[in-house]
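*Asks:* I would like the atomic coordinates for the input below:
(chains A, B, C and D)
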2 protein chains.
Amino acid sequence: MTIYDIAKKAGVSASTVSRVINNKPGIRESTRKRVQKLLDESGYTPDISARGLVTQASRFIGILIEDIRVSHHTESVYVIEQEMTRHGYTCITFSTGADPCQKAKYIEILEQRRVEGVILIGSMFGADEVRNAIRRHLPEVPVVIVNGMLDLPNAYSVLIDEERGTEDCVALLLRKNRRYLAYLMDVPTPANLHKLQGFCTAMQRAGLGDGKAHTVYAPGMDTNPIASIARGREAAKEILQKMPDTDGILCSTDALAIGCLQELQSRKIRVPEDIALVGVDNSVYGLVCSPTLSTLDNKLAEVSLSSARLLLDAFEQKALSRKLMLFTEVIERESS
Amino acid sequence: MTIYDIAKKAGVSASTVSRVINNKPGIRESTRKRVQKLLDESGYTPDISARGLVTQASRFIGILIEDIRVSHHTESVYVIEQEMTRHGYTCITFSTGADPCQKAKYIEILEQRRVEGVILIGSMFGADEVRNAIRRHLPEVPVVIVNGMLDLPNAYSVLIDEERGTEDCVALLLRKNRRYLAYLMDVPTPANLHKLQGFCTAMQRAGLGDGKAHTVYAPGMDTNPIASIARGREAAKEILQKMPDTDGILCSTDALAIGCLQELQSRKIRVPEDIALVGVDNSVYGLVCSPTLSTLDNKLAEVSLSSARLLLDAFEQKALSRKLMLFTEVIERESS
DNA sequence: CTGTTAGCGCATTCAC
DNA sequence: GTGAATGCGCTAACAG
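*Replies:* Numbers count the residues shown, from 1 in each chain, chains lettered A, B, ... in the order given. Just a heads-up that it's a prediction; the model follows:
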């Protein structure tokens, strides 16, 4: 079923049908009615790709995330997809995994699909390989990176002040009279390094010594939340062994904090009485666990919506700024 | 950058370039080398949509789910996307929401994108509106429905025997010497009605009376997991009020069970000592809460992989069957 | 107001 | 082996 089929049935030319479909002016009302009726009855639907070929507009945007199973990524994708769909764009979403080369491959697929814009979710998309891939494959289309930076003329950033937020988390623990703080850090992405910086700053300011000495890493590549939890558990063991005096633990993600919590509880260490616990992400997990988890709300939903809006503005070249910063909020629950 | 640009640079015709790109035979090796080199250097990438216009193959498939934020949906989408991408297909995923009309709209978008196949995740896609939309907009492409049925010549089903699984859950509770069972049921989707059927069968068989009389509904349209948890909490109150003797609760989803757990704990009712709790979905939530949640693993990952494979088989018309059934497994954890 | 023509980027005949 | 011509479904520019 093409516009030609409709045109034949209606006894008009294909252009007339096209005009009706696209609500172009300059058509006699009677003709429009007649064609529209046929259009409705025949169940015709335009081929958007064919249209895109001539209008040079795919109406696609690409969304890249490392792993959609991570709950705050999911939230981001949800919000962005709703907003972009509302504006007539179709989202192509890929879970790229952690490997930068793999990320570059997906960028090539997005080029093949002629996306009009891209949203990268996560600071690890600021890697050099990604930048090169963008420069090579998508040098012309606006690219918004969420919670990260990309030094490219077509790149935009929506940032979250997690460094400051982490300082606020430390402040919370200090208010709870904790003095032997530990920091449990996930893979050293730029975002996580910012949080570490915040932790160190706050520790120093409080006269609690070198933050890095109180930091334990939870190494691992698997982005699955279950794997994250397991890593948190392992890292908790390390904290307890190396820093037995610890009375407060700050985790760079909620998933790690959950693992941590499980390890503490299995050892009958009371949370928050013996050790207070704070996570980051404001994920559902923090509401599901018991005690509920104090966490840093990094406003992923707002940030994602802003990034979608920023992309839409960039399409109309009316983006006010290439860089946007949003602020976090500490959510105090039972674990602190 | 088109094949014509490459052709000009190479001093050959566009057809030759096309042949090189598609690895067609009948090209002198020296020519192929020369063109390939230019292809690589220039950073040319074919426009898949333009190709699709002539080959009549979009290499798109559509995935429809109600809400990607629901953790087992997310898992499904992840698995399907990985598998389809591996086979050269690009997935277009939409969160449709609960409204059947909205679902129909998304099906129309999929038609506009000329998807070659569709995967519907969830039994609520078996609704009449959806069937009509498929019949109208996508009568020719294979449609796989996960955990549901669609009476259409181009439809395939991958089912999970949750009815039997629910019976197994009741058996678990009986083994734990529970006799006053309640069933907490989410919105009456076909899948949830199957579970209810399983509950009733098992209750009757055990001589515990009419299952329906022991069933409480958690009404609500919001598919967000946080909303589900809240609904579970409300429903738990109702159970405690109407059936104060209850010593075991089976919930049709983990999220509801989490809400239930929270309400019980807030009333100092011990789980599992006073009331045992079992969910369905084997979601991360069940590992995050405390006590950890016994649950029915409905093998969403396997089911999703099977549905992707089924679709791929249908593309090559070598699908062995239109209907596939997989089996569940009870996972016993601390809550029972 | 409407039809004719051309061309988007590509693969595929059919000649040569 | 390779090129010229054609058409996929559609919109846009230009006639009329």
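
*Asks:* What separation do you get for whichever residue of chain A sits closest to chain B and A:Gln56?
*Replies:* With C-beta to the nearest C-beta, the shortest gap between chain A and chain B falls at A:Ser49, namely 3.8 Å. Every residue, glycine included, has its C-beta placed from N, CA and C. According to C-beta to C-beta, to the nearest Å, A:Ser49 stands 12 Å off from A:Gln56.

*Asks:* Neighbour count: those two, which is higher?
*Replies:* A side-by-side neighbour count of A:Ser49 and A:Gln56, using other C-beta atoms under 10 Å in any protein chain shown, places A:Ser49 first with 24 against 8.

*Asks:* who's in contact with that one?
*Replies:* By C-beta atoms under 8 Å, 6 or more residues apart in numbering or on different chains, the contact list for A:Ser49 reads A:58, B:49-50, B:52-53, B:58, B:113-114.

*Asks:* Just flag the most distant two among these.
*Replies:* B:Ala50 and B:Arg113 (14.5 Å; C-beta to C-beta).

*Asks:* ok, these two, which is more surrounded?
*Replies:* Taking neighbours as other C-beta under 10 Å, B:Ala50 and B:Arg113 compare with B:Arg113 leading, 22 against 16.

*Asks:* which one is the more buried one nearest to, not counting chain neighbours?
*Replies:* B:Phe60 (5.4 Å; C-beta to C-beta, 6 or more residues apart in numbering or on different chains).

*Asks:* what are the phi and psi angles of the one you found?
*Replies:* Main-chain dihedrals, B:Phe60, degrees, to the nearest 10: phi -110, psi 140.

*Asks:* Count the residues that sit near it.
*Replies:* 24.

*Asks:* Distance-wise, check it relative to B:Arg51.
*Replies:* Distance from B:Phe60 to B:Arg51, by C-beta to C-beta: 12 Å.

*Asks:* next one: A:Tyr89
*Replies:* Look at A:Tyr89 and B:Arg51: by C-beta to C-beta, they are 22 Å apart.

*Asks:* These two - which one has more neighbours?
*Replies:* A:Tyr89 (23 against 17).

*Asks:* list the contacts for A:Asp247?
*Replies:* Listed by C-beta under 8 Å, 6+ apart, the contact partners of A:Asp247 are A:178-181, A:274-276.

*Asks:* Out of those, grab the one that's most surrounded.
*Replies:* A:Leu181 leads the contacts of A:Asp247 on contacts (other C-beta under 10 Å) with 26 neighbours.

*Asks:* which residue sits closest to it, ignoring its sequence neighbours?
*Replies:* A:Gly248 (4.6 Å).

*Asks:* Number of residues surrounding the one you found?
*Replies:* Neighbour count of A:Gly248, defined by other C-beta under 10 Å: 23.

*Asks:* Report the beta-bridge partner residues of it.
*Replies:* A:Leu181, A:Ala276 (DSSP bridges).

*Asks:* Any figure for the gap between it and DNA strand C?
*Replies:* Applying C-beta to the nearest atom of the strand, to the nearest Å, the value for A:Gly248 to DNA strand C is 58 Å.

*Asks:* How about A:Ser13?
*Replies:* For A:Ser13, the distance to DNA strand C - C-beta to the nearest atom of the strand - is 4 Å.

*Asks:* Quick one, grab the pLDDT at that residue.
*Replies:* You'll see A:Ser13 listed with a pLDDT of 94.

*Asks:* Endpoint to endpoint, stretch A:9-23 covers what distance?
*Replies:* 19 Å (C-alpha to C-alpha, to the nearest Å).

*Asks:* Buried residues, that stretch. List them.
*Replies:* A:9-10, A:12, A:16-21 (16 or more other C-beta atoms under 10 Å in any protein chain shown).

*Asks:* Next: stretch A:255-270.
*Replies:* A:255-264.

*Asks:* Please apply the same query to stretch A:105-114.
*Replies:* A:106-107, A:109-114.
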